[in-house]
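In: From the sequence below, what's the structure:
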Amino acid sequence: MYSVHEIAKTLDAQYAGDKTLVVTSAAEPQDANLDQIAIATSPKYAESLALGKARVALLWEGADWQSFGLEAAIFAPRPRMAMGGITQLLDKGQGAGSGIHPTAVVDPDALIGDNVSIGPLTIVSAGAQIGAGSVIGPHCFIGQDVRVGVNAVLREMVSIGARAQIGDRFIAQPGARIGADGFSYVTPEVSHVENARKTLGDTQDAQGQSWLRIHSLGAVAIGDDVEVGANSTIDNGTIRNTEIGNGSKLDNLVHVGHNTRIGCDCLLCGQVGIAGSVDIGNNVVLGGQVGVSDNIQIGDGVVAGGGSKILSRVPAGRVILGYPAVKMETQTEIYKAQRRLPRILKDIDALKKAVFK
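Out: Predicted coordinates:
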């Protein structure tokens, strides 16, 4: 439970009204009860305050808070930032216990930091290191010689393969898989796939062959403040490590292929798929279901709209969309032209008839 004054101080925000009012949780305006803070960060959301019972709300700067019948208000110059602070403050977590659960299997050669919680049926292998203050959920697996930094949070059923190196304040959602072998295979002779790539269409006379495995000698290296979503997968590198830079965030069902390097503070939305040996710069945003072909470079600050398929190098700062992905304004013009095609074809048909007559 937190008072209005405590919340405002945490957010470094201004407040008005009764600073002693206490809230236990947050709610949307129409659903808020007497002991909840309503999140009404714009006039559009504030219209629903009358439908709930909130006595205090998070509002935008300059809002006439008393007109909504509130007893107190907190004002946020940047509402979504304030939401981040409030949700962090009110987050009750997953109810992890303290210490090592009796059913966990921790190798004697593993190094466990102070105040680490390890949940039921979790396995920590030889040589692994877990930093102080970390929470390792139930049914997790931490492989041989893995390093996890301080204050990490691994939700249930996260697995981390051998030799992965992970920085501080790492968060992994349920089912994340880090350190699987890369998808690397080769045929004894030149394959039909190699010919198709070379000719862009003709497989020539290559015969079908069995695929031979290329083993993954690299691991995964992840920086500080990285988050990996539920059921996401990050493959080991073939020779070098697969790398993810500080502050990058991966949504659910994201796949990062072997040898790929992702820079700092990137945002990869749901179902993004990145093939092997891709080099991604800093502050890159890939929308949902973006696909990235192998062995290409994406520059700093690139933004790719949802569903884009990136097949070639993208220079820094470009905003792209489509399949294949091109400049967003170009794709918009292409889309407009496609919508006009039926009318254009009718016009051409009418012109042909007129000419023939």
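
In: Where do the helices of the stretch 151-300 of the chain begin and end?
Out: Counting by DSSP state H, counting those that start in this stretch, the stretch 151-300 of the chain has these helices, from start to end: 192-199.

In: where does the protein dip in pLDDT?
Out: Within the chain, no stretch has pLDDT under 70.

In: For the residue nearest the centre of it, list the residues it contacts.
Out: With distances taken as CA atoms, centre = their mean, residue 250 lies nearest the centre of the chain, 2.1 Å away. Listed by CB atoms under 8 Å, 6 or more residues apart in numbering, the contact set of residue 250 reads 226-229, 232, 234, 244, 256, 268, 272. In short, each C-beta sits where N, CA and C put it, glycine included.

In: go with 10 Å
Out: Under the criterion of CB atoms under 10 Å, 6 or more residues apart in numbering, the contact partners of residue 250 comprise 172-173, 176, 226-229, 232-234, 244, 256, 262, 266-270, 272, 274, 286.

In: what does residue 238 give?
Out: Counting by CB under 10 Å, 6+ apart, residue 238 makes contact with 181-182, 184, 214-218, 258-259, 276-277.

In: what about residue 92, helix or strand, and which?
Out: Counting by DSSP states H and E, residue 92 is held by no secondary-structure element, helix or strand.

In: Next, count neighbours for it.
Out: Other residues within reach of residue 92 by the criterion other CB atoms under 10 Å amount to 7.

In: need the contact list for it.
Out: Each residue near residue 92 by CB under 10 Å, 6+ apart is listed here: 24-25.

In: what two of the contacts of residue 238 are the furthest from one another?
Out: Within the contacts of residue 238, two members stand farthest from each other by CB to CB: 215 and 277, at 16.1 Å.

In: could you dump stretch 74-83 to CSV, C-alpha only?
Out: The C-alpha trace of stretch 74-83 is given here as CSV (Å, rounded to 0.1, in the frame of the first residue of the first chain):
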residue,chain,number,x,y,z
ILE,A,74,-1.0,12.9,-9.5
PHE,A,75,0.2,14.7,-12.6
ALA,A,76,2.5,13.1,-15.2
PRO,A,77,4.4,15.2,-17.8
ARG,A,78,5.1,11.9,-19.6
PRO,A,79,2.2,9.6,-18.8
ARG,A,80,3.6,6.3,-20.1
MET,A,81,6.8,6.9,-18.1
ALA,A,82,4.7,7.5,-15.0
MET,A,83,2.8,4.3,-15.8
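
In: Pull out the buried positions in it.
Out: Of the residues in stretch 74-83, those buried under the neighbour-count criterion (16 or more other CB atoms under 10 Å) are 74-76, 79, 82-83.

In: Could you do stretch 28-44 as well?
Out: Across stretch 28-44, burial judged by 16+ other CB under 10 Å covers 28-30, 32, 35-41.

In: repeat for stretch 226-233
Out: 226-230, 232-233.

In: Let's have those residues in JSON lines, adding distance to residue 166.
Out: Rendered in JSON lines, the data for these read as follows (distance: CB to CB, whole Å):
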{"residue": "226", "distance to residue 166": "8"}
{"residue": "227", "distance to residue 166": "12"}
{"residue": "228", "distance to residue 166": "10"}
{"residue": "229", "distance to residue 166": "15"}
{"residue": "230", "distance to residue 166": "17"}
{"residue": "232", "distance to residue 166": "14"}
{"residue": "233", "distance to residue 166": "15"}
